[in-house]
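Visitor: Predicted structure and sequence below. I'll ask about it afterward.
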Amino acid sequence: MPRLSDTMEEGTILHWLKAEGETVARGEELVEIETDKANMTYESDQAGVLHLIAAEGETLPVGQPIATVGEPGEARSELQAEPASAGPGAAASAPATPTATEPATAQASPPEQPAAGERLKASPLARRMAREGGIDLAAVTGSGPGGRIVKADVLGSSAAASAAAAPAGTAPRAPDEIARAKGETREVELTRLQQTVARRMAESKATIPDFTLQIEIDMEDCVALRTQLKGIANPAEAGEHASAPDEAVPTYNDMVVKAVALALREHPLANGSYRDGKVQLHSRINVGVAVAAEGALVVPTVFDAEEKSLGEIARETRALAARVRDGSITPPELGGGTFTVSNLGMYGISSFAAIINPPQAAILSVGALAQRAVVRDGQIVARHTMSLTLVSDHRILYGAEAARFLARVRELLEAPAALTL
Amino acid sequence: MAAPQPAASPNGAAGQVRYREALNAALREELARDERVILMGEDIGVFGGAFKVTEGLLEEFGERRVRDTPISENTIVGMGVGAAMTGLRPVVELMTINFSLLALDQIVNHAAHIHYMFGGQAKVPLVVRMPQGAGHQLGPTHSHCFEAMFLQVPGLLVAVPATPADAKGLLKSAIRDENPVVFIEHESLYGVRGEVPEGEALVPFGVARTAREGSDLTIVGISRMALTAERAAATLSAEHGVEAEVIDPRTLRPLDLDTILASVRRTNRCLIVEEGWPHGGVGANLAALIGEQAFDDLDAPVARVTGADVPMPYSKPLEDIAYPHEAQVVAGALATLGRTAAAS
């Protein structure tokens, strides 16, 4: 299993593009693999005859062989060989006798993780429970000797799986009664990506001391700016180039991305990361833009966003979002973010607080832009406003610093000429 | 000490009967109950037995029924086989189980097989009593545990009582059984006191005793090791939060495998403790049976704590570490649970 992203620990064979026994050339596409971040195509790095080891749908840790490319008929048994089974001699060795100078405790070995590629170790009971419970042992971490999966590990894994469905404190009811109350229940396996999202979000909520700041932005000038830019980019309304869509017209979200990038330059802590008890400050400003994809959430990155023009940001985010939706996005485009912008304004959400994408310092949530009644100079007037909510990791970003950063974003959005420079 | 109360039984205060007294009571009651019962052995009459198990029986039942013999183990057992075949219910005593090796021809080739060799026309309702076990600096010719050896022989029943109540109840059952019984007592237990029910409390063969209930692992203790296992279980509970179920099979053939399997199916882990040697031992056999019949219920390999794989040393310190004590059982149990004593 090739490592296709920095954080990839295992991958799932989605689809073999070549068949068993087929001759492949170097550079030819071999297989589609689902990683923790994206679906990737992997190319053969040598020419020869393909022998498949991993089947479609199989999930294997990085480093485990998935296929060999070699001479026709070449032996490949060593790659598939099971670990040598214990011979009869093993049975005769060392039961715990009290003769040993280190008495019986010598047999207790600390838990270890099995090395990648070893046969999965599970007690007979754990295997039976997994079989009966429909639990994938490959996804269970073993706590027994040598990483053996034991009963407690299987129970722990199924308990974790049903934790959400079983709120604590309620009186236990017969399982079948509960099942009936919910009608028919169908279990849906999480994709790699969904598993990654689940793990990182839980980790974020469980470990980050976060706090939330909210601010209202007067977007009148942004609205005016966008109308102006629309006129420049899409003169179709003037009757010319009717075929050109308004592809490069920045959205309000693009303006937020640009404003954030500029503000991050002045507030490096907000662009930092918290890792291993230290704050890391990054020289590049890479703003991730959360995009809802089919059944998942991915955050493609606009690299060096503060150096890019509003138009470049607009084109780039649009292209990235399209690649997220058609599944062609690649891990490098999804990593390296130093800050995240999330927007639910298109659904009419007035404001929300997103979950920090660790190890980033903060995340900005963008609400819906709408005309609202506001007071200006003692008069109630209708203005376009929008709510920004900043959730920050207090280990990096303290209240006043986060407030100054957010105020600076507002300043830039309320006087958006700076965004077009 | 409280003032002596009227005795609830001839053997002393209720529930406080020594293992040797319980055996003595069993023999006395059976001698009195059935005139076919006779005793034979070295020094069992005038001297009352090397471990005083037969004390007073010569006086009470006379030398026709309680007979001292020369030092001639093969002959003692041979007489017992003949007496049993011809209608008596002999109970012969060998001074230690090591000496039974001199009588193996009679025990294995004759007592165990005669019923089969003669198509069921002859029975051998013989009991061969003998003590085993280490701890008294008697060296390799007096201290071994051979229950595994006798367990291997079809045709023999094997009893390994650990408590006074089981000693009495099993001996009475053994005397009444139609099969030859190897009745293995333990030298270190003769002075141990315990509760013994009044009257005809027969303990049937093939019914295990659950000495302690627990859910974390099953400890099967053989002979004296049943008591060692019970003490270890108390320590496991008090110091390590581990609740061990302790099972004493009481008889190895027939074996109450059902009780052991039912326990293992609940606890999913099993440790077998025996004083005998590891290879081909009771634990080796039992581990195989559990593996064959409860494989899918095991959360860890069946583990064993056994005597050392050496002839029993004479040196006191060496002898002490050559058979299992509470600490090794505790450590073995924790290891079976994937824990170490230090980490607990």
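Guide: Happy to help now that I have it. Numbering: from 1, shown residues only, chains lettered A, B, ... in the order given.

Visitor: how about residue 182, phi and psi?
Guide: All of this is about chain A. For A:K182, the backbone dihedrals (degrees, to the nearest 10) come out as phi -100, psi 10.

Visitor: my question was about chain B
Guide: When quoted as degrees, to the nearest 10, the phi and psi of B:V182 stand at phi -90, psi 110.

Visitor: Can you report how many residues lie near A:A233?
Guide: Using other CB atoms under 10 Å in any protein chain shown, A:A233 has 17 neighbouring residues. C-beta: built from backbone N, CA, C; applies to glycine.

Visitor: I'd say it and A:V249 touch.
Guide: Yes. In this structure A:A233 lies within contact range of A:V249 using CB atoms under 8 Å: 4.9 Å.

Visitor: What average pLDDT does the helix or strand where A:T212 lies get?
Guide: Element membership of A:T212, judged by DSSP states H and E, is strand A:210-218. The average pLDDT within strand A:210-218 is 96.

Visitor: And for stretch A:57-71?
Guide: Stretch A:57-71 shows a mean pLDDT of 82 in the predicted model.

Visitor: Using PDB, list the CA coordinates for it.
Guide: What follows is the C-alpha trace of stretch A:57-71 in PDB, where atoms were taken according to Å, rounded to 0.1, in the frame of the first residue of the first chain:
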ATOM      1  CA  GLY A  57     -12.600  -3.200  -1.100                       C
ATOM      2  CA  GLU A  58      -9.800  -4.400   1.100                       C
ATOM      3  CA  THR A  59      -8.200  -2.000   3.500                       C
ATOM      4  CA  LEU A  60      -4.500  -2.400   4.200                       C
ATOM      5  CA  PRO A  61      -1.900  -0.500   6.200                       C
ATOM      6  CA  VAL A  62       0.700   1.500   4.400                       C
ATOM      7  CA  GLY A  63       3.600  -0.800   3.400                       C
ATOM      8  CA  GLN A  64       1.500  -3.900   3.000                       C
ATOM      9  CA  PRO A  65       1.900  -5.400  -0.500                       C
ATOM     10  CA  ILE A  66      -1.100  -4.900  -2.700                       C
ATOM     11  CA  ALA A  67       0.300  -6.500  -5.800                       C
ATOM     12  CA  THR A  68       3.600  -7.500  -7.400                       C
ATOM     13  CA  VAL A  69       4.900  -6.500 -10.800                       C
ATOM     14  CA  GLY A  70       7.400  -9.000 -12.100                       C
ATOM     15  CA  GLU A  71       8.300 -11.700 -14.700                       C
END
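
Visitor: picking that back up, and the helix or strand just after the strand holding A:T212, what does it pack onto?
Guide: Next in sequence after strand A:210-218, counting helices and strands by DSSP H and E, comes helix A:220-233. Where contact means 3 or more CB pairs under 8 Å, 6 or more residues apart in numbering or on different chains; DSSP states H and E, helix A:220-233 is packed against helix A:252-266, strand A:379-393, helix A:399-414.

Visitor: so where's the chain shaky on pLDDT?
Guide: I'll assume chain A. Of all residues in chain A, those with pLDDT under 70 make up the ranges A:6, A:71-118, A:160-180, A:234-247, A:294-296.

Visitor: You answered for a different chain; I wanted chain B.
Guide: By pLDDT under 70, the low-scoring segments of chain B are B:1-15, B:341-344.

Visitor: For chain A, what is the nearest residue in it?
Guide: Ranking the residues of chain B by distance to chain A (CB to the nearest CB) places B:A308 first, at 3.3 Å.

Visitor: Next up, phi/psi of that residue, please.
Guide: For B:A308, the backbone dihedrals are phi -70, psi 150 (criterion: degrees, to the nearest 10).

Visitor: all helices for the chain, in order.
Guide: Just so you know, I chose chain A. Under the criterion DSSP state H, chain A contains helices at A:77-80, A:88-91, A:124-133, A:151-162, A:175-181, A:192-207, A:220-233, A:252-266, A:310-326, A:331-334, A:399-414.

Visitor: not what I meant, chain B
Guide: Using DSSP H, the helices assigned to chain B run over residues B:19-33, B:57-61, B:73-85, B:104, B:114-117, B:147-151, B:164-176, B:225-240, B:257-267, B:282-293, B:316-321, B:326-336.

Visitor: Same list, these, but as a markdown table with distance to A:Q214 and mean neighbour count please.
Guide: Formatted as a markdown table, the entries for those read as follows, by distance: least, CB to CB, whole Å; neighbours: other CB atoms under 10 Å in any protein chain shown:
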| stretch | distance to A:Q214 | mean neighbour count |
| --- | --- | --- |
| helix B:19-33 | 81 | 22 |
| helix B:57-61 | 97 | 17 |
| helix B:73-85 | 96 | 21 |
| helix B:104 | 92 | 17 |
| helix B:114-117 | 92 | 16 |
| helix B:147-151 | 78 | 23 |
| helix B:164-176 | 77 | 24 |
| helix B:225-240 | 53 | 21 |
| helix B:257-267 | 56 | 19 |
| helix B:282-293 | 64 | 19 |
| helix B:316-321 | 72 | 14 |
| helix B:326-336 | 55 | 25 |
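
Visitor: Kindly reformat those as TSV containing distance to A:V154.
Guide: Listed next are the helices of chain B as TSV, based on distance: least, CB to CB, whole Å:
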stretch	distance to A:V154
helix B:19-33	45
helix B:57-61	59
helix B:73-85	54
helix B:104	49
helix B:114-117	48
helix B:147-151	36
helix B:164-176	39
helix B:225-240	23
helix B:257-267	16
helix B:282-293	20
helix B:316-321	38
helix B:326-336	18
